Structures are given as C-alpha cells and as structure tokens.
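K.L.:
Sequence plus the predicted model coming up.
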Amino acid sequence: MPEGHTLHRLAGSLNGAFAGTVPTLSSPQGRFADGAAYLSGRELHEAAAWGKHLFVEFAGEAHLHVHLGLIGAFDVTAYSARGGDDEGYAAGSPGGALPPPVGAVRLRIATGTHVADLRGATVCEVATTQEVDAVIARLGPDPLRADADPDRAWRRIVKSPRSIADLLMDQAVLAGVGNVYRSEILFRHRVDPWRPGRDIRPVTWRALWRDLLLLMPIGVQLGQIITMSDQVETVLAGDFDPAAVPTSPTGVSAWRPNPHGALERRYYVYKRQGEPCRVCGSRVRMAEVAGRNLYWCGRCQRRR
DNA sequence: AGGTGATGGTCAC
DNA sequence: TGACCCTCACCTG
C-alpha cells in the first residue's frame, strides 16, 4: 500500500517506460473499457504524483486519475527480450511477447517494450484538467514535492483540537503520509500521538517535516519504507545500492516485500503491538485513530 | 476451500 | 461511527 512514496516512485517508472510514447490502453477486466478506449492511442506526456494520487497526462488535455487505495497495485514491466533489463525494470518474459494479463487487470498500458497493469485501485478514471486541479486543491502539502509549503499544514495543525496522529493521516492537512510513516515519524521524535495539534510546538512540527523530507525520498528510491536510524544511515552512507533492489518480480508493487536484496523490513513501532519498545523495552501499544491502527510506545512518547 | 487482513478513502446516518 | 469498495497473499483447516 501505497503511501506517497509508492506513488512518486510509480510516476517515475511510468515516465521511464511511457513518457513521449503513444501506448495502447485496454481494460482486460472490463471495468475501465470506455476510459481506456478514450485514452488509447494518445501520446502520453507525463505522469505525476500528488500525495497518494497519480495523474497521467495524455495529449489533448486528457488525464488519467488513479488512486490505489489500500490494496491497489500498478506494476510496470519491461517485457521485450531486447529491452528486458534496461532502465532498471525487472526482466520480462523472454521472447518479447506481451505477457497475458494475470488476475483482475482494470487497466493495461502497453507499448512494444513495456506494459503496466493496474489492479485493485479505488479510483481509475478519466479527468479533465479542471478536475485534476480540483483534486490537487483539496490536498495539503506533499513532502515529496519540491514546492511544498509546510506552513500550510502547520496553520491547520496549530489551531486544531484533533490529535497529531489524526491530523497526520488527514490528506487535506498533509498529503502522502500513511499509516506506517505516521506511527514511525511520531516515534522518531518521541511525540505523544494523542497530543492535540494546537499543543504541538513549532519546533516539533519543523522537526517532523524535516524528517519526512529525509525519509520519504529514501522510500521513493528504494520502494520501501525505511525509518530505523541504522538503516537510514546505511542508505545515506551509500553502503546500500538501490540498483540492487529489484523493483519487484513484476515491476513497481512497492508495498509487496522485495523478494531479494531489500533491507530487512523492520520498524520502531509499526505492527509491533505487545512487543518491547526497541528503546525502552516498554510494551508497544496499538489503538485505532482515524480508522487505522496507530502504534506507539507509551513510555517514550509521553508529554512532548 | 474458506476466511482474513492490508501502507486508503468515501459516503450515509 | 459504520458499511462498503477494490484484490490478493497468507493463514486456517
């Protein structure tokens, strides 16, 4: 699942595979048949991510709007025998034949060398420029976009009685952070997840934002959420070669564990309820906040 | 073979 | 707050 890093990585993969080409779009599963036909045969200009939304612009101001939801996946694969290993994509089926769709493929984008299959998305629709702009206008700043303004999020946070754990998951406040980054970022700064936004100190918010600016690009680069300091250090030191990380068996399904070469999947608190805190040994807790399970250490993250 | 959960979000009440 | 949507890996038996 896709938090913001998945979508930004996906935009890059789609651009590498399709930008400037005129792909064929289809809906093997059938539920996006009309939209695929409408977009098919147009030049694909550019894919871009805003928070957890993906937009792909085609010629004629026609856009594809995708939201992967909780379980969606968009796999980008090089399949031609000749191009199988180029551009960092997983090698496709030998022989250069377009592989048949597997499972419920809502949308397939294909050229002679690359294919992208979308499954399980909650949103897959054709959109006008105005509709794209309307979606973007609803979103808070996205730490993965260079022009993001953290003050815009801060103005919402500082006047809110809602908990910081609730606010971090609100895409209108901050776009792209999901349930893993939420729990982990709060732990990294020892912030009490139940503290109301209006009681968060400016220095704390600046630290959280700065940390997202560090962590999320690593997530984009590796296709994996890295939050533990030793792993962050490993990546920053260059000891870890992202090129050694396969984008997946079939491309960019970033939330699926990388089968080989990935850093060990290890977090401070996420999904560790009942286990000892890695810092103080206290039992990691879990509670539902904003409809999702929040994980935190009740001892480390107190009164801050 | 069947049940469940998962890094998300929307809509009705 | 709860129902519901989407797909598939990973349990259970």
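P.N.:
Nice, thanks for sending it over.

K.L.:
What distance do you get for residue A:202 to residue A:182?
P.N.:
20 Å (CB to CB, to the nearest Å). Quick note: C-beta positions are derived from backbone N, CA and C, even for glycine.

K.L.:
neighbour count winner among those two?
P.N.:
residue A:182 (26 against 10; other CB atoms under 10 Å).

K.L.:
Let me see the domain layout of chain A.
P.N.:
What the record gives for chain A is the domain set A:4-138, A:150-297, from automatic domain parsing.

K.L.:
can I get these in a markdown table with distance to residue A:303 and mean pLDDT?
P.N.:
Converted to a markdown table, the domains of chain A look like this (distance: least, CB to CB, whole Å; pLDDT from 0 to 100):
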| stretch | distance to residue A:303 | mean pLDDT |
| --- | --- | --- |
| domain A:4-138 | 30 | 90 |
| domain A:150-297 | 6 | 88 |
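
K.L.:
Which positions in the stretch 101-250 of chain A make contact with DNA strand B?
P.N.:
With CB under 7 Å from any atom of the strand as the criterion, the stretch 101-250 of chain A meets DNA strand B at residues A:122, A:169, A:171, A:178, A:179, A:180, A:225.

K.L.:
Tell me where chain A has strands.
P.N.:
A:24-26, A:44-50, A:53-58, A:62-67, A:73-78, A:107-110, A:114-119, A:123-127, A:284-289, A:292-297 (DSSP state E).

K.L.:
possible to save those strands as JSON lines with mean neighbour count and distance to residue A:236?
P.N.:
Listed next are those as JSON lines, based on neighbours: other CB atoms under 10 Å; distance: least, CB to CB, whole Å:
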{"stretch": "strand A:24-26", "mean neighbour count": "19", "distance to residue A:236": "39"}
{"stretch": "strand A:44-50", "mean neighbour count": "21", "distance to residue A:236": "23"}
{"stretch": "strand A:53-58", "mean neighbour count": "23", "distance to residue A:236": "28"}
{"stretch": "strand A:62-67", "mean neighbour count": "21", "distance to residue A:236": "31"}
{"stretch": "strand A:73-78", "mean neighbour count": "25", "distance to residue A:236": "27"}
{"stretch": "strand A:107-110", "mean neighbour count": "23", "distance to residue A:236": "34"}
{"stretch": "strand A:114-119", "mean neighbour count": "24", "distance to residue A:236": "31"}
{"stretch": "strand A:123-127", "mean neighbour count": "18", "distance to residue A:236": "35"}
{"stretch": "strand A:284-289", "mean neighbour count": "17", "distance to residue A:236": "26"}
{"stretch": "strand A:292-297", "mean neighbour count": "22", "distance to residue A:236": "25"}
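
K.L.:
For the stretch 101-250 of chain A, which residue gets nearest to DNA strand C?
P.N.:
Proximity to DNA strand C, evaluated over the stretch 101-250 of chain A using CB to the nearest atom of the strand, is greatest for residue A:103 at 2.3 Å.

K.L.:
For chain A, which segments count as helices?
P.N.:
A:4-18, A:33-39, A:129-138, A:150-157, A:164-168, A:179-188, A:202-222, A:229-236 (DSSP state H).

K.L.:
dump the residue contacts of the nearest residue to residue A:168 once chain neighbours are set aside.
P.N.:
Excluding the flanking residues, the one nearest residue A:168 by CB to CB, 6 or more residues apart in numbering is residue A:182, at 4.7 Å. Neighbouring residues of residue A:182 by CB atoms under 8 Å, 6 or more residues apart in numbering: A:165, A:168, A:169, A:292, A:294.
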